[in-house]
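Asks: no sequence on this one, just coordinates:
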Ligand SMILES: [Zn+2]
């Protein structure tokens, strides 16, 4: 496990046990005015129960977060992550899926999704198909597909990974236990 992933997992252990580390947010906010150097990028779901700063017990300036329903990587999400890795020097990219994901459930349930929700469903559809529309199996499969898409569609991120300057990893968050388990 890379040092950065270990740092996130240590924070997650504190979150699970309720022993959150004390934070001096006004002081940290002042420190960060001159610039940011987030150690990790987290691509996760917009679900209100999956807040990465809480889950990993980190502070302001620690993680660069991209959130979309179903933790999908579209071109704007890819560009955001490229910016963090290339310009801010983040060395870990964690794709975090979660249990009981509404976007995954909707995809597995089938039927026609209204409006722009259809775009989300069509992104998750290959993972759902691979897992016979089983939602709990589709969640990790979707994370794997998103990681593959990142490698395929982002020359910047895959190049950094090949050079050993960026680690790309996946994890699944449990709503009930609060645990984030690496895939
Ligand atoms: Zn979700």
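Replies: Received the coordinates, thanks. Because the structure is predicted, anything quoted here is derived from the model rather than measured.
Asks: for the rest of this, base every contact and every neighbour count on C-alpha atoms.
Replies: Fine.
Asks: okay, which residue is most central for this protein?
Replies: Centroid-nearest residue in the chain, with Cα atoms, centre = their mean: residue 43, separated by 2.6 Å.
Asks: so that residue belongs to a strand, correct?
Replies: Yes - with DSSP: H, G, I helix; E, B strand; the rest coil as the criterion, residue 43 is part of a strand.
Asks: beta partners for it?
Replies: Counting by DSSP bridges, residue 43 forms beta bridges with residue 66, residue 95.
Asks: enumerate every residue touching it.
Replies: By Cα atoms under 8 Å, 6 or more residues apart in numbering, the residues touching residue 43 are 65-68, 71, 73, 93-96.
Asks: now residue 143
Replies: The contact partners of residue 143, by Cα under 8 Å, 6+ apart, come to 71, 95-97, 170-171.
Asks: how about stretch 110-119 and the ion, touching?
Replies: No - figure legend: stretch 110-119 not in contact with the ion (Cα under 5 Å from the ion); closest approach 12.8 Å.
Asks: report the distance from that stretch to the chain centre.
Replies: In this view, stretch 110-119 has its centroid 23 Å away from the chain centroid, taken as Cα atoms, centre = their mean, to the nearest Å.
Asks: and the contacts of it?
Replies: Counting by Cα under 8 Å, 6+ apart, 106, 121 sit against stretch 110-119.
Asks: rerun at 7 Å
Replies: Where contact means Cα atoms under 7 Å, 6 or more residues apart in numbering, no residue beyond stretch 110-119 reaches it.
Asks: straight-line length of it, end to end?
Replies: Taking Cα to Cα, to the nearest Å, the first and last residues of stretch 110-119 lie 13 Å apart.
Asks: I'd like the average pLDDT over that stretch.
Replies: The average of the pLDDT scores along stretch 110-119 is 94.
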